[in-house]
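Colleague: have a look; sequence and predicted model below, questions after that.
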Amino acid sequence: MDEELLTIGSFARRSWLSPKALRLYERQGLLLPAAVDEHNGYRWYRAEQLETARLIARLRRLEMPLATVAAIVAAGDPRTQAGLIGEYWSAQEHATAVRREIAAHLRSRLLDDREGLSMYEVKVRDVPEQTVLTEQRHVKAQDLPAWIDEATGRLLKAAAGHGDGVVGPCFIVYHGEVNEDSDGPVEICLPVNPTGPVDSAVRVEPAHREAYTRIIKAQVGYPQILSAFDAVGQWVAGQGLPVSTSPREVYFADFGAAGPDDEVCDIAFPLD
């Protein structure tokens, strides 16, 4: 046997990977042996594969998924690999920040932090009947922002050139809980006054009264926005008012052009 080749045991010790891990990475096509004995199935590796194996070992210590590890290994170029690692770690830090916010929100709710929710001023208003273009989908929290952007773009395109076009603020209706495990469904509605056929579903939103609170752009992100929903829900319950339909977010301002402290959205609960 070529003396440049290492047995799987020797390679495992020098690469900081177990033989079991090496067999897994072979099945995944991530790190293939240099040779396999056709008679006894023994695996052999080249010493030059140690650098790749050690990179894999370090990446796995970051709890990085195998698919991401494979993409980094396949990139080859150190600059590209470093960039991919940076992207992965930024995503992990963002996910940790979101979980931290959710934990803080849950602690506050469990401790019945009425003082924190009292910062939201709740009002009641009448909303007239509206004809709306609509798109609905089952979607979880992590995929919601992208879908909202895409669906809103489709609805705006469908509304163009029909009657007066868009005649009111876009609103997003939550027909069910949306989080990491539940997927709604969620419905995006765009008030229009169409005079002809449109390339989207159309329905009539009945006239109703609703309780609402107004929030700034900085408060819209998930999970911060949950506090506003809780504030309105708690106010409605405290007033003994029955909620008739699903809560919604009403976007009355240009979200993209707004600054962090600009008011952009109402959290509203329709009432009976």
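Modeller: Nice, I can see it.
Colleague: can you give me the helices for the protein?
Modeller: Counting by DSSP state H, the chain has helices at residues 8-15, 19-27, 50-61, 66-75, 78-110, 114-117, 144-159, 225-238.
Colleague: can I get these in CSV with mean pLDDT and distance to Glu135?
Modeller: Every C-beta, even on glycine, is put in place using the N, C-alpha and C of the backbone. Output for the helices of the chain, formatted as CSV (pLDDT from 0 to 100; distance: least, C-beta to C-beta, whole Å):
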stretch, mean pLDDT, distance to Glu135
helix 8-15, 90, 51
helix 19-27, 91, 42
helix 50-61, 91, 39
helix 66-75, 92, 30
helix 78-110, 85, 25
helix 114-117, 58, 32
helix 144-159, 91, 5
helix 225-238, 90, 21
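Colleague: give me the number of residues near the nearest residue to Trp89 once chain neighbours are set aside?
Modeller: Spatial nearest neighbour of Trp89, excluding adjacent residues (C-beta to C-beta, 6 or more residues apart in numbering): Leu62 at 7.4 Å. A count of neighbours around Leu62, defined by other C-beta atoms under 10 Å, yields 13.
Colleague: next, the contact list for the closest residue to Leu5 other than its chain neighbours, please.
Modeller: Distances taken as C-beta to C-beta, 6+ apart place Trp44 nearest to Leu5, at 4.1 Å, with adjacent residues excluded. For Trp44, the contacting residues are Met1, Leu5, Leu6, Thr7, Ile8, Pro33, Ala34, Ala35, Val36, Asp37, by C-beta atoms under 8 Å, 6 or more residues apart in numbering.
Colleague: one more time with 7 Å
Modeller: When contacts are counted by C-beta atoms under 7 Å, 6 or more residues apart in numbering, Trp44 touches Met1, Leu5, Leu6, Thr7, Pro33, Ala34, Ala35.
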